[in-house]
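*Asks:* 3D, please:
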Amino acid sequence: MIKLTARQEQILTLIRDAINNTGFPPTRAEIARELGFKSANAAEEHLQALARKGAIDLAPGTSRGIRLRDGSGEPVQRTAASQLVLPNPALMQLSLPLVGRVAAGSPILAQEHIEATYQVDRSLFSAIPDFLLKVRGMSMRDAGILDGDLLAVRKIDRAHNGQIVVARLGDGVTVKRYRKSGSTIELLPENPDFEPILVNPEVDDFALEGLAVGLMRAWG
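*Replies:* Down below sits the predicted model:
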């Protein structure tokens, strides 16, 4: 059994809650803001301590690259029933299509949209994704999602408030934070230079394409 300090337990709970509520682990800046640290460096020090104790893995080359482990130090995944199960090492690799630009009116996974196929470690993600989407633009910068990143996406047709989604709106596909109030849907950026997008599903050509469950970034 891993012995953690009270602060480390608090951070671990924050990570679990963020993954359960949004599909993403928090950034260092979000941890610092939530717990009142003066800088993200303080959050990084606590994360490194948790990694040394085997409570989490810190995945290099990924934004929000925090992976939970169980009390024995083994990586864990959540099933739909929120039970914790150990992954089978033989099944750790996923083959994911990379979606580039999406033509208006065609399915997001249409063959003409597939730029490449990647073999990736499934334990990097909070849920098993169906495809990778190349991010365009900086509207989600403050959520740690940057232009050129590869967003891991699980196909869904509904979402909860606060989750980061891939949505089709008119002729385009966009990545935004989802919020629904009554019959109105807001697609919220994470960059003050961008305006929220208001959607009326009864009028607008709108569909949810997927839920963001992880992120990969090419360094160098």
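*Asks:* Across the sheet, point out what pairs with residue 197.
*Replies:* Residue 197 has the following beta-bridge partners by DSSP bridges: residue 187.
*Asks:* So it sits against residue 186, correct?
*Replies:* Yes. The pair residue 197 / residue 186 is scored as a contact, 7.0 Å apart, by CB atoms under 8 Å. The way it works is simple: take the backbone N, C-alpha and C, and place the C-beta from them, glycine included.
*Asks:* neighbouring contacts of the longest helix along the chain?
*Replies:* As assigned by DSSP state H, the longest helix anywhere in the chain is helix 6-22. Outside helix 6-22, the residues that touch it by CB atoms under 8 Å, 6 or more residues apart in numbering are 4, 24-26, 30-31, 34-35, 43, 46-47, 49-50, 53, 55-56, 66, 68, 78, 82, 126, 160, 162-164.
*Asks:* Give the rounded mean pLDDT of the helix or strand following that helix.
*Replies:* Remark: after helix 6-22, the chain's next helix or strand is helix 28-35, criterion DSSP states H and E. Summarised as a single mean, pLDDT over helix 28-35 is 87.
*Asks:* What are the buried residues along helix 28-35?
*Replies:* Using 16 or more other CB atoms under 10 Å as the burial criterion, the residues of helix 28-35 that qualify are 28, 30-32.
*Asks:* List of residues touching it?
*Replies:* 7, 10-11, 14-15, 18, 26, 37-44, 46-47.
*Asks:* cool, and stretch 131-138?
*Replies:* Here stretch 131-138 has contacts from 96-101, 108-109, 115, 118, 120, 145-153, 155, 166, 173, 175, 191, 193, 210, 216, using CB under 8 Å, 6+ apart.
*Asks:* Just the buried ones from those, in ChimeraX syntax?
*Replies:* To isolate the buried ones among those in ChimeraX, judged by 16+ other CB under 10 Å, type:
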select :96,97,98,99,108,120,145,149,150,151,152,153,166,173,175,210,216
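*Asks:* Tell me where the model's unsure across the protein.
*Replies:* Along the chain, the model assigns pLDDT under 70 to residues 1, 60-63, 70-92, 102-106, 218-220.
*Asks:* if we go to 50?
*Replies:* Applying pLDDT under 50 to the chain flags the ranges 72-91, 220.
*Asks:* so what are the domain limits for it?
*Replies:* As given by automatic domain parsing, the domain ranges for the chain are 6-75, 95-216.
*Asks:* Show the end-to-end separation of stretch 133-149, please.
*Replies:* With CA to CA, to the nearest Å as the measure, stretch 133-149 spans 8 Å from end to end.
*Asks:* in it, what's buried?
*Replies:* Counting neighbours by 16+ other CB under 10 Å, stretch 133-149 gives 133, 135, 139-141, 143-145, 149 as buried.
*Asks:* Distance from it to the middle of the chain?
*Replies:* In this view, stretch 133-149 has its centroid 11 Å away from the chain centroid, taken as CA atoms, centre = their mean, to the nearest Å.
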